[in-house]
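Need a 3D model of the sequence below.
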Amino acid sequence: GGTSVLSEDRNLTIEVYRKPTHTDQYLQFDSHHPLEHKLGVIRTLQHRAREIPTTSQGRKKEQDHIKTALKTCGYPDWAFTRTSRKRDLSKGEEEERNKRRSVSIPYLSGVSEKFRRILQKHDIPCQEECKELYIGETKQPLHRRMAQHRRATSSGQDSAVHLHLKESGHSFEDSQVRILAREDRWFERGVKEAIHVKLEKPSLNRGGGLRHFLSPTYNAVLHSFQQQNKHSHHSRRPSDSSPCDPADKGETPQQKLGERPDQRPC
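Modelled structure (predicted):
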């Protein structure tokens, strides 16, 4: 808790309050407790010393008191240094996160759609100008799934992406991966994956690796969609895309629904 003090200049300041019977006895450093618990004692008391006193003099007074009391309980200097360094690292990470800013703009029919198309990332080249492509689905955060593709598994069931990277010596950046569609529901996500694999025919996808197999009914619909899209594409611009250019392949059914496109080039 804190105590209020009215100074001579009539300003109200707050300091940490301790009962007269307080003994300054905390968890002994040589006790049989995990080290993290002991470091947690330092962090907790230092946090209180930073947050409660309203003046710099009060904060320094409290921090000095804490250090004296904990040294009496056997806490070494390196323990204070370690907790201070960890806090500085956390503060740096928080400041880095706070640098990211987002801007919200109101929706305007006919304009917002064009805005979104302009801001979409296309024409991202593969690092090694590789033609291989993989399409998959996951409920995990993208960076975590990409990390799994980069490493081998203990079961030996390595992903097709990992095997390709291992055999070819290629690599890819997370920034090269594009999200084709977003879907929280498990079944529907499998259907979307199957549709994209059917349309794009990615070379790295293993046969039989899909969770959902499309009914033959889809064939006519998807074929018709591809033909219409191909005709629309040729009428807009000549075919001049590079081998590793995943763009200008036309809208997928998910893009027509307003989803963001995305693929994973090698």
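
pLDDT below threshold where in the stretch 51-200 of the chain?
86-104, 113-129, 152-157 (pLDDT under 70).

For the stretch 151-266 of the chain, which segments are assigned as strands?
With strands called from DSSP state E, counting those that start in this stretch, the stretch 151-266 of the chain shows them at 264-265.

Let me see the ranges of the helices in it.
160-168, 186-200, 217-236, 253-256 (DSSP state H, counting those that start in this stretch).

for the record, mean pLDDT for the third one?
For helix 217-236, the mean per-residue pLDDT is 68.

re earlier: with mean neighbour count and distance to residue 70 as extra columns, can I get the helices of the stretch 151-266 of the chain in a markdown table?
For every residue, glycine as well, the C-beta is placed using N, CA and C. Below are the helices of the stretch 151-266 of the chain laid out as a markdown table (neighbours: other C-beta atoms under 10 Å; distance: least, C-beta to C-beta, whole Å):
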| stretch | mean neighbour count | distance to residue 70 |
| --- | --- | --- |
| helix 160-168 | 16 | 49 |
| helix 186-200 | 18 | 51 |
| helix 217-236 | 12 | 68 |
| helix 253-256 | 15 | 58 |
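
would you turn those into TSV with distance to residue 66?
Formatted as TSV, these follow (distance: least, C-beta to C-beta, whole Å):
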stretch	distance to residue 66
helix 160-168	50
helix 186-200	51
helix 217-236	68
helix 253-256	57
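
Nearest to residue 141, out of those helices?
Set against residue 141 and scored by C-beta to C-beta, the helices of the stretch 151-266 of the chain come closest in helix 186-200, at 14.7 Å.

Give me the helices and strands touching the closest one, please.
helix 217-236, helix 253-256 (3 or more C-beta pairs under 8 Å, 6 or more residues apart in numbering; DSSP states H and E).

can you tell me which of the helices of the stretch 151-266 of the chain comes nearest to residue 64?
helix 160-168 (54.5 Å).

by contact count, what packs against the closest one?
Counting contacts by 3+ C-beta pairs under 8 Å, 6+ apart, helix 160-168 is packed against strand 133-134, helix 142-150.

Can you say which of the ones you listed is packed in most?
strand 133-134 (a mean of 20; mean count of other C-beta atoms under 10 Å).

Make sure residue 30 is actually in contact with residue 76.
No - counting by C-beta atoms under 8 Å, residue 30 stays clear of residue 76, with 10.5 Å between them.

could I get the helices and strands packed on helix 160-168 as JSON lines with distance to residue 197?
Converted to JSON lines, these look like this (distance: least, C-beta to C-beta, whole Å):
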{"stretch": "strand 133-134", "distance to residue 197": "10"}
{"stretch": "helix 142-150", "distance to residue 197": "16"}
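
just so I know, which of these lies nearest residue 185?
With C-beta to C-beta, the closest approach to residue 185 among the helices and strands packed on helix 160-168 belongs to helix 142-150: 17.8 Å.

Name the residues that touch that closest one?
136, 138, 140, 159, 161, 162, 165, 174, 177, 179 (C-beta atoms under 8 Å, 6 or more residues apart in numbering).

nearest to residue 211, of the residues you listed?
For those, the nearest to residue 211 is residue 136 (10.1 Å; C-beta to C-beta).

Which element, helix or strand, includes the closest one?
For residue 136, there is no host helix or strand (DSSP states H and E).

Apart from its chain neighbours, what residue comes closest to it?
residue 193 (6.7 Å; C-beta to C-beta, 6 or more residues apart in numbering).

buried ones in stretch 62-70?
The neighbour-count check on stretch 62-70 (16 or more other C-beta atoms under 10 Å) flags 62, 63, 66, 67, 69, 70 as buried.

should've said stretch 20-35
Quick answer for stretch 20-35 (16+ other C-beta under 10 Å): 26, 29.

distance between the ends of it?
30 Å (C-alpha to C-alpha, to the nearest Å).

Make 34 the first number, not 1, from now on.
Will do, 34 is the new start, and the previous item becomes stretch 53-68.

Sounds good, over and out.
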